[in-house]
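Student: Compute the structure for the input listed below.
(2 chains)
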2 protein chains.
Amino acid sequence: MKKVGVAILGLGVVGGGTYKILRDHAEAYRTNHKLDITIECVLEQRRERIAELGIADDVVCSSIAEVVSNPDVDIVVEVMGGVDPARSYVLAALKAGKSVVTSNKELYCKYGYELEETAKKHNCGLFYEATCVGGVPIIRTLLDNLQGNEISSIMGIINGTTNYVLTKMSSEGMSYEDALSRAQSLGFAEKDPASDVEGYDAVYKLSILSSLAFHTKITYDRIYREGINNVSPVDIKFGRQLGYVMKLLAIAKNTHSGIEVRVHPAFIRADHPLSSVIDNYNAVYLSGDCVGEFMLYGLGAGEYPTASAVVGDIIYCASHLNYNYSPFCNTEHCTAKISDNFESSYYIRVEAEDKSGVLSKIASVLSRQGISVARVVQDDAGKGAVPMILVTHPTRENSVKKAVEEINESSSGAKVMSIIRVVN
Amino acid sequence: MKKVGVAILGLGVVGGGTYKILRDHAEAYRTNHKLDITIECVLEQRRERIAELGIADDVVCSSIAEVVSNPDVDIVVEVMGGVDPARSYVLAALKAGKSVVTSNKELYCKYGYELEETAKKHNCGLFYEATCVGGVPIIRTLLDNLQGNEISSIMGIINGTTNYVLTKMSSEGMSYEDALSRAQSLGFAEKDPASDVEGYDAVYKLSILSSLAFHTKITYDRIYREGINNVSPVDIKFGRQLGYVMKLLAIAKNTHSGIEVRVHPAFIRADHPLSSVIDNYNAVYLSGDCVGEFMLYGLGAGEYPTASAVVGDIIYCASHLNYNYSPFCNTEHCTAKISDNFESSYYIRVEAEDKSGVLSKIASVLSRQGISVARVVQDDAGKGAVPMILVTHPTRENSVKKAVEEINESSSGAKVMSIIRVVN
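Tutor: Numbering: from 1, shown residues only, chains lettered A, B, ... in the order given. As a prediction, this is how the structure comes out:
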């Protein structure tokens, strides 16, 4: 029986879940994996949290120095979040020869290269499945299962908060504010929801996933970001009439004109496998040249799902002796060609003061930009300003931007109220 | 750069796909994985197939002895199918110190223990992701990602042929025979479709998956099996009216009264994630105590998807030095308690000569067996014999069997035409 000593840095939601899973499954891991996993120490200052989890005093450390100097600690689990002091703690652990398992997406996204170089130098394992999409093992799937494929695209619903809010807005007609409060009361959203609703969380994850998928570093600052905080219920409703469901999508595509990486609200067809991913569920849908279309679906956040990924990494690390797990990226900086002139179809909602002649003016603007229109819907229920919906055939972002500018500046009396990319 | 020599035994659909992927991605694997993977030899007697793939003569071997005595071969890929001679070839490779990657579900299901003991003894790797559900990496997900979970249930659509046939019967109202011919003409079904439509293929896969999930050997002969060859379009139609979709499901549940393992047609709710798995797509839906509900979705068969799994194993094997991958089972025989008294809801279709009094007689039989009825539908469009559909609350298989016997033997004039298990 192999003895494995674990230290947990931080007893927040994921740290607590990890503690409880390791404690409650210890006997199963001895039987099924021949691993005697012991929690040697925890680093946590909140005494009430330590008491809540029933952790004995002699397991509580007061400093990172105490953790990394403990010879019984083999694996350090960093589940604190944030860059500081998590970064220095992880580096200290690696330099002391401890393998590290982390759930810290911001840290890995920003400092993954430094961490991996340090792990390599000190011959330690470094595992980060829990950084992306909680219980959904997309990282190891890319590294260990689909690694023979050339991945051409990834489309993910990789933030549970925003998916919950959009589901409630879409299926129950809730307002954005009400849906967000509901998510907060259920623990699906933070008190300060900015990181989720403005798309930062999804951007960090997409940075990691696209780097792995395309074997080149995609830094988070190169990713186009648009949150759900400006989504209008009107567009959700019109989208449904057209057979679309709105989702906050994280998209990475390897195209001839460069790599597209973007997080934004998008319409997908109601019969697309991603459209049935509702509430706080997450999914990653990808295309590989060998495997074809492929999807992983599950809970992307929360105490136990995320801790499931942490514990999976602990067992993997303990079972794979002398295996340096450092394939994230060979470079620190983004050297890939990134294209922000996305190729997509577009849903364009226009309001016009009167109908006659407006469509032909809009059509001629679009035509000048080489944009061809696939569908037009006019809603005659409105009084005064009349909404008109146009859905284009696949075109380019820059052409749409120019067309929108031209429509808004023209004297046609038409104004573009919203544009939403449509996934084909 | 690490040099990796590969031998491919059998150039059928999967062998050909593996050959082409390794050939066409060789440069990418050198760049991205630092692996120089070379096909050192192939074992295949059909000269026209060798010519079709453009394989040079000096790469073609004429015997397994020639393959295993080649010092440049590190990994032997067995993609022949069937037990004989695949079993002796794999054993010969392992005894010669070669690691083995296999896609052979029948071999692994029946002789997995022997193969793993041999691999262990000779310190070789043994990998079998491609045995189950083609491009869908369910095996490594169980072993390397969700291994910290206690898995309580697996439900899979793990046979593409039957899913294609049922999809066409369900969505286009095709007859079983027409749907099967269509599947055959598209290459989704064999000329002799028995292994697929009678459920044997799914049984082999479920044997492997349930053994891995529950850490105990579940031999294929203990798995209840019912194919789709007796499915009636009438039941598919009535099911749809009740909001159900019919699928051939492979189900493994770890319950208090024993392990349930079964392959049979079943109804699932139209809003269940598995219901949207159509045509030749496959999916595995499972529940773990940490991860919650989780699903993998993709192509479960075919040249490139299955070869994607084979190549994934080759790269994994080549990258994980000195790693004995033998966690399939610790025993050869099934020692687990297997329960065939399944717990499920049931759809029961009854035909009766006249309506009056029949329902009360049937209801009283069901009640005596402790079965409570959730829904009753009578279709009055019929003339003469009148179909009546009952859907029960969760109950036990044995109670339903007894009730059906009693209804059929009574003088009520009612006859049970079909029973279909309903997944809740």
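Student: can we go C-alpha only for contacts and neighbour counts from here?
Tutor: Will do.
Student: helix, strand or coil for the residue in chain A sticking out farthest from the centre?
Tutor: Residue farthest from the centre of chain A, counting by CA atoms, centre = their mean, is residue A:356 at 44.4 Å. Secondary structure assignment for residue A:356 (DSSP: H, G, I helix; E, B strand; the rest coil): coil.
Student: any low-confidence regions in chain A?
Tutor: A:321-330, A:354-355, A:379-384 (pLDDT under 70).
Student: coming back round to it: and the gap between the residue farthest from the centre of chain A and residue A:363?
Tutor: Per CA to CA, to the nearest Å, residue A:356 is found 13 Å from residue A:363.
Student: ditto for residue A:395
Tutor: Computed as CA to CA, the residue A:395 to residue A:363 distance reads 14 Å.
Student: Does the host helix or strand of residue A:203 reach chain B?
Tutor: Following DSSP states H and E, one finds residue A:203 within helix A:200-214. No: Helix A:200-214 is not in contact with chain B by CA under 8 Å from any CA of the partner chain; minimum separation 9.4 Å.
Student: what packs against that helix?
Tutor: Under the contact criterion of 3 or more CA pairs under 8 Å, 6 or more residues apart in numbering or on different chains; DSSP states H and E, helix A:200-214 touches helix A:105-121, strand A:151-157, helix A:194-197, strand A:244-255, strand A:258-269.
Student: now the ones you listed in CSV, with mean neighbour count?
Tutor: CSV is the format used below for these (neighbours: other CA atoms under 10 Å in any protein chain shown):
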stretch, mean neighbour count
helix A:105-121, 20
strand A:151-157, 23
helix A:194-197, 18
strand A:244-255, 24
strand A:258-269, 23
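Student: Tell me which of those lies nearest to residue B:310.
Tutor: With CA to CA as the criterion, residue B:310 lies closest to strand A:151-157 of the helices and strands packed on helix A:200-214, at 16.7 Å.
Student: Give me the residues contacting that closest one.
Tutor: Under the contact criterion CA atoms under 8 Å, 6 or more residues apart in numbering or on different chains, strand A:151-157 has outside partners A:163, A:210, A:213-214, A:247-255, A:274, A:277, A:282-289.
Student: same deal with stretch A:232-239?
Tutor: Contacts to stretch A:232-239, defined as CA under 8 Å, 6+ apart, come from residues A:169, A:170, A:173, A:175, A:176, A:245, A:246, A:267, A:349, A:389, A:418.
Student: Quick check on the residues you listed: which are buried?
Tutor: For these, a burial check counting by 16 or more other CA atoms under 10 Å in any protein chain shown picks out A:169, A:170, A:173, A:175, A:176, A:245, A:246, A:267, A:349, A:389, A:418.
Student: Take stretch A:92-108, keep the C-alpha atoms, and write them as CSV.
Tutor: The C-alpha trace of stretch A:92-108 is given here as CSV (Å, rounded to 0.1, in the frame of the first residue of the first chain):
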residue,chain,number,x,y,z
ALA,A,92,7.3,27.2,-2.7
ALA,A,93,5.7,23.8,-2.8
LEU,A,94,7.3,22.9,-6.1
LYS,A,95,10.7,24.1,-5.1
ALA,A,96,10.4,21.9,-2.0
GLY,A,97,9.8,18.9,-4.3
LYS,A,98,6.1,18.6,-3.7
SER,A,99,3.7,17.8,-6.5
VAL,A,100,0.9,20.3,-6.8
VAL,A,101,-2.8,20.0,-7.7
THR,A,102,-4.6,23.3,-8.2
SER,A,103,-8.1,24.5,-9.1
ASN,A,104,-6.9,28.1,-9.6
LYS,A,105,-7.8,29.1,-13.1
GLU,A,106,-6.6,32.7,-12.8
LEU,A,107,-3.3,31.6,-11.5
TYR,A,108,-2.8,28.9,-14.2
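Student: Tell me if it is near chain B.
Tutor: No: residues of stretch A:92-108 contacting chain B under CA under 8 Å from any CA: none, with a closest distance of 13.4 Å.
Student: Buried residues, that stretch. List them.
Tutor: Buried, per 16+ other CA under 10 Å, within stretch A:92-108: A:92-108.
Student: same thing with stretch A:56-64?
Tutor: A:60, A:61, A:64.
Student: For the residue lying closest to the second one once chain neighbours are set aside, grab the count of nearby residues.
Tutor: Leaving aside its sequence neighbours, residue A:61 sits nearest to residue A:43 (CA to CA, 6 or more residues apart in numbering or on different chains; 5.2 Å). For residue A:43, the count of nearby residues is 21 (other CA atoms under 10 Å in any protein chain shown).
Student: Distance check, residue A:264 against residue A:241.
Tutor: Using CA to CA, we find residue A:264 at a distance of 21 Å from residue A:241.
Student: for residue A:280, same thing?
Tutor: For residue A:280, the distance to residue A:241 (CA to CA) stands at 24 Å.
Student: again, but for residue A:284
Tutor: 26 Å.
Student: Look at the two and report which has more neighbours.
Tutor: Taking neighbours as other CA under 10 Å, residue A:284 and residue A:241 compare with residue A:284 leading, 23 against 11.
Student: Mind listing the residues bridging to the more buried one?
Tutor: For residue A:284, the beta-bridge partners are residue A:156, residue A:296 (DSSP bridges).
Student: List the contacts of residue A:260.
Tutor: Each residue near residue A:260 by CA under 8 Å, 6+ apart is listed here: A:251, A:252, A:253, A:254, A:338, A:339, A:340, A:342.
Student: Which member of those is positioned nearest chain B?
Tutor: For the contacts of residue A:260, the minimum distance to chain B (CA to the nearest CA) is 14.9 Å, reached by residue A:254.
Student: isn't the closest one right up against residue A:215?
Tutor: No: between residue A:254 and residue A:215 there is no contact under CA atoms under 8 Å: 10.9 Å.
Student: circling back: take the buried residues of stretch A:56-64 and keep only those in helices.
Tutor: When DSSP state H defines the helices, the subset of the buried residues of stretch A:56-64 inside them is residue A:64.
Student: ok, the buried residues of stretch A:56-64 vs chain B, which is closest?
Tutor: Distances from chain B to these, taken by CA to the nearest CA, are shortest for residue A:60, at 23.9 Å.
Student: what's the strand or helix carrying residue A:177 packed up against?
Tutor: Element membership for residue A:177, per DSSP H and E: helix A:176-185. Under the contact definition 3+ CA pairs under 8 Å, 6+ apart, helix A:176-185 sits against helix A:160-171.
Student: Stretch A:264-279 near chain B at all?
Tutor: Yes: counting by CA under 8 Å from any CA, chain B has neighbours in stretch A:264-279: A:273, A:276.
Student: from the middle of its chain, how far away would that stretch be?
Tutor: The chain centroid and the centroid of stretch A:264-279 are separated by 15 Å under CA atoms, centre = their mean, to the nearest Å.
Student: Near residue A:237, how many residues? Count them for me, please.
Tutor: 18.
Student: pretty sure it is in a helix, no?
Tutor: Yes: assessed by three-state DSSP, residue A:237 belongs to a helix.
Student: Distance check, it against residue B:280.
Tutor: 33 Å.
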